[in-house]
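S.K.: Give me coordinates for this.
(4 chains)
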Protein chains: 2
Amino acid sequence: MEFTVPDLAEVDLDRVLKSLADPHRRRVVLELLEDTSGAERACSSFDLPVSKSTRTHHWRALREAGLIRQRDAGNGTYVRLRLDEFDARFPGLLSTIAGL
Amino acid sequence: MEFTVPDLAEVDLDRVLKSLADPHRRRVVLELLEDTSGAERACSSFDLPVSKSTRTHHWRALREAGLIRQRDAGNGTYVRLRLDEFDARFPGLLSTIAGL
DNA sequence: CTAGGGGTACGATAGTTGCCGTACCTCAAG
DNA sequence: CTTGAGGTACGGCAACTATCGTACCCCTAG
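M.R.: Now for the predicted structure:
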């Protein structure tokens, strides 16, 4: 089952920049960006040095910033970037940040 | 007298994104960016709907993010973007955000 | 059936942020 | 010299954020 994500039209730049202003979250986004296949990836495959509940918190922040989609597969959850949608709403932002 | 600003090498992306994640501060930066002359501008010339002390707070945030320089002229203070320096440290970031 | 991995929700806490008012400074104009 | 505009520093407050632990859920491997 898919987690509900906001329509990108309703996401504002404030929320996006705030969400990207966290090193853990930015790292996750960059890792997803590096995998050009755009394939889904297990949430557990990122080694974030925080507790489980904090991880959940960060995934929510990224979801609410329109950056990711998440799917709950019962045992694990999977994540993928909303790359095209996001880039249509905030053109160039991700690639610029990826380049820094 | 110039306010002391950080060396851009010591400014991290976190601080920059946080500083740009505020609508008042982002608006100021964009206004400065629009004036291609790069000339100094009076701090008082921005009509920020906040108190004097809050304004001071925002200017400090922008200074510490390496985005601006400020000069105290006794009666008023003046501000200018650190455009070239900033762009050398975070290439494309400002123009991307300006384009959104 | 029972463990264990992966995950959410909730509640708590410490630190940060945006905001304000007050006190005080500096220069320019009257 | 006094007033006013523009500004800083400090202290306080409310809201938000990053973090955690605990309780609980779902699925798979034994």
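
S.K.: Now chain A against DNA strand D: closest residue?
M.R.: residue A:74 (2.3 Å; CB to the nearest atom of the strand). (Each C-beta comes from the backbone N, C-alpha and C, glycine too.)

S.K.: Distance check, that residue against chain B.
M.R.: 35 Å (CB to the nearest CB, to the nearest Å).

S.K.: mind checking the backbone torsions on that residue?
M.R.: Residue A:74 has phi and psi values of phi 90, psi -70 when expressed as degrees, to the nearest 10.

S.K.: Same question for residue A:87.
M.R.: Reported as degrees, to the nearest 10, the phi and psi values for residue A:87 are phi -70, psi -30.

S.K.: Residue A:65 too?
M.R.: phi -90, psi 10.

S.K.: Can you tell me who the most centrally placed residue in chain A pairs with across the strands?
M.R.: For chain A, the residue nearest the mean C-alpha position is residue A:68 (3.7 Å; CA atoms, centre = their mean). Beta-bridge pairing for residue A:68 (DSSP bridges): residue A:81.

S.K.: Surely it and residue A:59 touch.
M.R.: Yes: counting by CB atoms under 8 Å, residue A:59 is a contact partner of residue A:68 at 7.3 Å.

S.K.: Against residue A:69, how distant is residue A:86?
M.R.: As judged by CB to CB, to the nearest Å, residue A:86 and residue A:69 stand 10 Å apart.

S.K.: Report the distance from stretch A:23-42 to the chain centre.
M.R.: 7 Å (CA atoms, centre = their mean, to the nearest Å).

S.K.: buried set for that stretch?
M.R.: A:24, A:25, A:26, A:28, A:29, A:32, A:40, A:41 (16 or more other CB atoms under 10 Å in any protein chain shown).

S.K.: Identify the residue nearest the fifth one in space, chain neighbours excluded?
M.R.: Of all residues beyond its chain neighbours, the one nearest residue A:29 is residue A:67 (6.0 Å), with distances taken as CB to CB, 6 or more residues apart in numbering or on different chains.

S.K.: and if you look at the third one?
M.R.: Nearest residue to residue A:26 in three dimensions, chain neighbours excluded: residue A:20, at 5.4 Å (CB to CB, 6+ apart).

S.K.: so what pLDDT did that neighbour get?
M.R.: As summarised for this prediction, residue A:20 has a pLDDT of 98.

S.K.: Which residue ranges of chain A form helices?
M.R.: Secondary structure of chain A (DSSP state H): helices located at A:13-20, A:23-34, A:52-64, A:83-89, A:93-99.
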